[in-house]
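**Student:** Next comes the sequence, and after it the predicted model I'd like to discuss.
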Amino acid sequence: MPDIRLIPCLSDNYAVLLKAGDTVVLIDAPEAAPIEAVLEKEGWRLTHILVTHKHADHIDGIPALAAAFKPEIIGPAAEESSIPGLTQTVREGDTVTVGPFKVEVFDTPGHTKGHVVFYFPKEKLLFAGDTMFALGCGRLFEDTPAAMWNSLKKLRALPDDVTVYCGHEYTLSNARFAVTVDPGNEALKARAGEIEAARKAGQPTVPFPLGLEKATSPFLRADDPAVAEGVGRPDAAPEIVFAEVRERKNNF
(Lines give C-alpha, C1' and ligand atoms only; values in the text may rest on other atoms or scores of the structure.)
Protein backbone atom coordinates (compact mmCIF):
# COMPACT_ATOMS: atom_id res chain seq x y z
CA MET A 1 0.00 0.00 0.00
CA PRO A 2 1.14 3.55 -0.59
CA ASP A 3 2.15 5.88 2.22
CA ILE A 4 -0.83 8.22 2.71
CA ARG A 5 -1.20 11.60 4.42
CA LEU A 6 -4.57 13.30 5.04
CA ILE A 7 -4.02 17.07 5.07
CA PRO A 8 -6.56 19.47 6.61
CA CYS A 9 -6.85 22.67 4.57
CA LEU A 10 -8.86 25.88 4.84
CA SER A 11 -11.71 25.54 7.35
CA ASP A 12 -12.96 22.02 6.58
CA ASN A 13 -11.29 20.75 3.39
CA TYR A 14 -9.04 17.75 2.98
CA ALA A 15 -6.23 17.12 0.52
CA VAL A 16 -4.54 13.73 0.34
CA LEU A 17 -0.96 12.77 -0.53
CA LEU A 18 0.02 9.25 -1.63
CA LYS A 19 3.61 8.08 -2.03
CA ALA A 20 4.93 4.94 -3.67
CA GLY A 21 8.59 4.90 -4.65
CA ASP A 22 9.43 8.24 -6.25
CA THR A 23 5.80 8.94 -7.14
CA VAL A 24 3.98 11.43 -4.91
CA VAL A 25 0.36 12.10 -5.85
CA LEU A 26 -1.84 14.87 -4.47
CA ILE A 27 -5.63 14.70 -4.71
CA ASP A 28 -7.01 18.23 -4.90
CA ALA A 29 -5.19 21.39 -3.83
CA PRO A 30 -7.35 23.61 -1.61
CA GLU A 31 -4.36 25.72 -0.55
CA ALA A 32 -0.64 25.31 -1.00
CA ALA A 33 0.86 26.05 2.42
CA PRO A 34 -0.29 23.00 4.45
CA ILE A 35 0.48 20.68 1.54
CA GLU A 36 3.95 22.15 1.13
CA ALA A 37 4.51 21.80 4.88
CA VAL A 38 3.80 18.05 4.75
CA LEU A 39 5.96 17.58 1.67
CA GLU A 40 8.83 19.38 3.37
CA LYS A 41 8.43 17.47 6.63
CA GLU A 42 8.41 14.11 4.84
CA GLY A 43 11.08 15.01 2.30
CA TRP A 44 8.75 14.16 -0.59
CA ARG A 45 8.73 15.75 -4.04
CA LEU A 46 5.31 16.18 -5.61
CA THR A 47 5.02 14.48 -9.02
CA HIS A 48 1.27 14.49 -9.81
CA ILE A 49 -1.92 16.35 -8.89
CA LEU A 50 -5.32 14.75 -9.51
CA VAL A 51 -8.15 17.30 -9.57
CA THR A 52 -11.76 16.26 -8.98
CA HIS A 53 -13.50 19.49 -9.96
CA LYS A 54 -13.18 23.21 -10.59
CA HIS A 55 -14.29 24.79 -7.31
CA ALA A 56 -11.81 27.21 -5.77
CA ASP A 57 -11.48 25.23 -2.54
CA HIS A 58 -10.08 22.33 -4.57
CA ILE A 59 -7.78 24.19 -6.99
CA ASP A 60 -6.50 27.40 -5.39
CA GLY A 61 -3.24 25.73 -4.33
CA ILE A 62 -2.38 24.53 -7.83
CA PRO A 63 -0.43 27.56 -9.14
CA ALA A 64 2.01 27.66 -6.22
CA LEU A 65 2.51 23.89 -6.21
CA ALA A 66 2.95 23.84 -9.98
CA ALA A 67 5.59 26.55 -9.77
CA ALA A 68 7.47 24.76 -6.99
CA PHE A 69 7.36 21.16 -8.26
CA LYS A 70 6.33 21.10 -11.95
CA PRO A 71 3.99 18.12 -11.40
CA GLU A 72 1.72 16.50 -13.94
CA ILE A 73 -1.77 17.91 -13.32
CA ILE A 74 -4.69 15.70 -14.33
CA GLY A 75 -8.33 16.77 -14.17
CA PRO A 76 -11.76 16.61 -15.80
CA ALA A 77 -11.95 17.37 -19.51
CA ALA A 78 -15.35 18.98 -19.04
CA GLU A 79 -13.84 21.61 -16.71
CA GLU A 80 -10.51 22.14 -18.44
CA SER A 81 -11.10 25.85 -19.00
CA SER A 82 -11.75 26.43 -15.27
CA ILE A 83 -8.76 24.57 -13.78
CA PRO A 84 -5.30 26.13 -14.07
CA GLY A 85 -2.34 24.26 -15.46
CA LEU A 86 -3.87 20.93 -16.49
CA THR A 87 -1.37 18.80 -18.39
CA GLN A 88 -3.83 15.95 -19.05
CA THR A 89 -7.62 15.76 -19.14
CA VAL A 90 -9.71 12.71 -18.31
CA ARG A 91 -13.27 11.50 -18.54
CA GLU A 92 -15.46 8.46 -17.86
CA GLY A 93 -13.78 5.20 -18.80
CA ASP A 94 -10.22 6.49 -18.83
CA THR A 95 -7.49 4.61 -16.98
CA VAL A 96 -4.48 6.77 -16.16
CA THR A 97 -1.02 5.52 -15.30
CA VAL A 98 0.39 7.59 -12.42
CA GLY A 99 3.77 6.15 -11.54
CA PRO A 100 3.03 2.65 -10.21
CA PHE A 101 -0.69 3.37 -9.89
CA LYS A 102 -3.42 2.48 -12.38
CA VAL A 103 -6.22 4.96 -11.79
CA GLU A 104 -9.76 4.60 -13.14
CA VAL A 105 -11.84 7.71 -13.81
CA PHE A 106 -15.59 8.01 -13.30
CA ASP A 107 -17.70 10.97 -14.36
CA THR A 108 -19.89 11.89 -11.38
CA PRO A 109 -22.04 14.89 -12.31
CA GLY A 110 -24.20 16.42 -9.61
CA HIS A 111 -22.14 18.82 -7.52
CA THR A 112 -20.74 20.19 -10.77
CA LYS A 113 -21.53 18.91 -14.25
CA GLY A 114 -17.89 17.98 -14.91
CA HIS A 115 -16.93 16.41 -11.57
CA VAL A 116 -14.83 13.25 -11.72
CA VAL A 117 -13.62 10.81 -9.09
CA PHE A 118 -10.48 8.69 -9.04
CA TYR A 119 -10.50 4.99 -8.18
CA PHE A 120 -7.34 2.99 -7.48
CA PRO A 121 -8.64 -0.59 -7.93
CA LYS A 122 -5.50 -2.45 -6.87
CA GLU A 123 -5.14 -0.38 -3.70
CA LYS A 124 -8.94 -0.22 -3.23
CA LEU A 125 -8.91 3.53 -2.71
CA LEU A 126 -11.61 5.94 -3.90
CA PHE A 127 -11.05 9.70 -3.98
CA ALA A 128 -14.60 11.01 -4.18
CA GLY A 129 -14.06 14.77 -4.04
CA ASP A 130 -17.39 16.45 -3.33
CA THR A 131 -19.59 13.75 -4.88
CA MET A 132 -19.71 11.51 -1.80
CA PHE A 133 -19.02 12.60 1.77
CA ALA A 134 -19.18 10.45 4.87
CA LEU A 135 -22.96 10.18 5.35
CA GLY A 136 -23.54 12.84 2.72
CA CYS A 137 -23.08 14.16 -0.79
CA GLY A 138 -22.25 17.49 -2.35
CA ARG A 139 -24.79 20.22 -2.92
CA LEU A 140 -26.33 20.21 -6.37
CA PHE A 141 -24.88 23.43 -7.75
CA GLU A 142 -25.00 22.55 -11.45
CA ASP A 143 -27.00 19.39 -12.02
CA THR A 144 -30.15 17.52 -11.08
CA PRO A 145 -30.95 15.18 -8.20
CA ALA A 146 -31.31 12.37 -10.75
CA ALA A 147 -27.79 13.03 -12.05
CA MET A 148 -26.31 12.92 -8.55
CA TRP A 149 -28.29 9.81 -7.64
CA ASN A 150 -26.91 8.06 -10.71
CA SER A 151 -23.38 9.15 -9.79
CA LEU A 152 -23.76 7.82 -6.27
CA LYS A 153 -25.14 4.51 -7.54
CA LYS A 154 -22.01 4.20 -9.69
CA LEU A 155 -19.82 4.57 -6.60
CA ARG A 156 -22.08 2.34 -4.51
CA ALA A 157 -21.41 -0.48 -6.98
CA LEU A 158 -17.73 -0.62 -5.97
CA PRO A 159 -16.62 -3.27 -3.44
CA ASP A 160 -17.43 -2.89 0.25
CA ASP A 161 -13.76 -2.98 1.23
CA VAL A 162 -12.87 0.13 -0.75
CA THR A 163 -11.57 2.96 1.44
CA VAL A 164 -13.10 6.35 0.63
CA TYR A 165 -11.45 9.75 0.95
CA CYS A 166 -13.65 12.80 0.43
CA GLY A 167 -13.09 16.53 0.18
CA HIS A 168 -14.60 17.85 3.40
CA GLU A 169 -15.05 17.19 7.11
CA TYR A 170 -18.84 17.50 7.14
CA THR A 171 -19.52 14.22 8.89
CA LEU A 172 -20.84 15.39 12.25
CA SER A 173 -23.58 17.50 10.68
CA ASN A 174 -24.29 14.74 8.17
CA ALA A 175 -24.67 12.17 10.94
CA ARG A 176 -27.02 14.35 12.96
CA PHE A 177 -29.13 14.81 9.84
CA ALA A 178 -29.04 11.18 8.73
CA VAL A 179 -30.67 9.86 11.89
CA THR A 180 -33.64 12.20 11.30
CA VAL A 181 -34.52 10.48 8.03
CA ASP A 182 -33.46 6.94 8.93
CA PRO A 183 -34.28 6.67 12.64
CA GLY A 184 -34.59 2.89 12.71
CA ASN A 185 -31.09 2.21 11.40
CA GLU A 186 -29.11 0.77 14.31
CA ALA A 187 -25.83 0.74 12.35
CA LEU A 188 -26.31 4.43 11.62
CA LYS A 189 -26.99 5.21 15.27
CA ALA A 190 -23.82 3.40 16.30
CA ARG A 191 -21.78 5.19 13.65
CA ALA A 192 -23.23 8.56 14.67
CA GLY A 193 -22.09 7.96 18.23
CA GLU A 194 -18.59 7.09 17.05
CA ILE A 195 -18.51 10.24 14.92
CA GLU A 196 -19.57 12.43 17.83
CA ALA A 197 -16.75 10.97 19.94
CA ALA A 198 -14.16 11.30 17.17
CA ARG A 199 -14.95 14.94 16.51
CA LYS A 200 -15.03 15.75 20.22
CA ALA A 201 -11.51 14.33 20.39
CA GLY A 202 -10.43 16.36 17.37
CA GLN A 203 -10.03 13.30 15.17
CA PRO A 204 -10.94 13.19 11.45
CA THR A 205 -13.79 10.99 10.25
CA VAL A 206 -12.11 10.51 6.86
CA PRO A 207 -11.32 8.01 5.38
CA PHE A 208 -14.16 5.53 5.81
CA PRO A 209 -15.07 2.08 4.41
CA LEU A 210 -17.52 2.07 1.53
CA GLY A 211 -19.38 -0.91 2.96
CA LEU A 212 -20.21 1.06 6.10
CA GLU A 213 -21.33 3.97 3.96
CA LYS A 214 -23.67 1.72 1.98
CA ALA A 215 -25.26 0.50 5.20
CA THR A 216 -25.68 3.87 6.89
CA SER A 217 -25.89 6.80 4.44
CA PRO A 218 -29.41 7.82 3.41
CA PHE A 219 -27.90 9.39 0.30
CA LEU A 220 -26.84 5.95 -0.93
CA ARG A 221 -30.11 4.32 0.11
CA ALA A 222 -32.81 6.34 -1.62
CA ASP A 223 -34.05 3.00 -3.00
CA ASP A 224 -34.42 1.58 0.53
CA PRO A 225 -38.07 1.60 1.71
CA ALA A 226 -36.95 2.71 5.18
CA VAL A 227 -35.44 5.93 3.82
CA ALA A 228 -38.41 6.55 1.53
CA GLU A 229 -40.69 6.15 4.54
CA GLY A 230 -38.43 8.40 6.59
CA VAL A 231 -38.92 11.32 4.22
CA GLY A 232 -42.63 10.70 3.71
CA ARG A 233 -42.30 9.38 0.15
CA PRO A 234 -43.02 5.66 0.58
CA ASP A 235 -44.21 5.07 -2.98
CA ALA A 236 -41.89 7.45 -4.83
CA ALA A 237 -39.15 6.56 -7.30
CA PRO A 238 -35.62 6.53 -5.83
CA GLU A 239 -34.57 9.74 -7.57
CA ILE A 240 -37.55 11.51 -6.01
CA VAL A 241 -36.66 10.13 -2.59
CA PHE A 242 -33.07 11.22 -3.12
CA ALA A 243 -34.18 14.73 -4.09
CA GLU A 244 -36.23 14.94 -0.89
CA VAL A 245 -33.29 13.75 1.23
CA ARG A 246 -30.99 16.31 -0.40
CA GLU A 247 -33.50 19.14 0.04
CA ARG A 248 -34.01 18.29 3.70
CA LYS A 249 -30.27 18.33 4.24
CA ASN A 250 -30.07 21.74 2.55
CA ASN A 251 -32.47 23.08 5.17
CA PHE A 252 -31.18 21.10 8.15
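**Tutor:** Right, received. Where do you want to start?
**Student:** Please, where are all the strands along this structure?
**Tutor:** Ranges of strands in the chain, per DSSP state E, are 3-9, 13-20, 23-27, 48-50, 72-76, 88-90, 95-98, 101-107, 116-120, 125-127, 132-133, 136-137, 163-165, 208-209.
**Student:** Now mean neighbour count, mean pLDDT and distance to residue 235 too, for those strands, in TSV please.
**Tutor:** Quick note: C-beta positions are derived from backbone N, CA and C, even for glycine. Below are these laid out as TSV (neighbours: other Cβ atoms under 10 Å; pLDDT from 0 to 100; distance: least, Cβ to Cβ, whole Å):
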stretch	mean neighbour count	mean pLDDT	distance to residue 235
strand 3-9	16	98	42
strand 13-20	21	98	38
strand 23-27	23	98	40
strand 48-50	26	98	41
strand 72-76	24	98	37
strand 88-90	19	98	40
strand 95-98	14	98	41
strand 101-107	20	98	31
strand 116-120	24	98	32
strand 125-127	24	98	33
strand 132-133	28	98	27
strand 136-137	27	98	23
strand 163-165	21	98	31
strand 208-209	18	98	32
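**Student:** To residue 251, which of the ones you listed lies closest?
**Tutor:** strand 136-137 (14.2 Å; Cβ to Cβ).
**Student:** circling back to that earlier point, let's have the strands of the chain in TSV, adding distance to residue 145.
**Tutor:** Below are these laid out as TSV (distance: least, Cβ to Cβ, whole Å):
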stretch	distance to residue 145
strand 3-9	29
strand 13-20	24
strand 23-27	26
strand 48-50	27
strand 72-76	21
strand 88-90	25
strand 95-98	29
strand 101-107	17
strand 116-120	18
strand 125-127	22
strand 132-133	15
strand 136-137	10
strand 163-165	21
strand 208-209	23
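**Student:** can you tell me which of those strands comes nearest to residue 176?
**Tutor:** strand 136-137 (11.0 Å).
**Student:** Show me what the closest one pairs with in its sheet, parallel or antiparallel.
**Tutor:** Using DSSP bridges, strand 136-137 pairs in its sheet with strand 132-133 (antiparallel).
**Student:** Sounds good, over and out.
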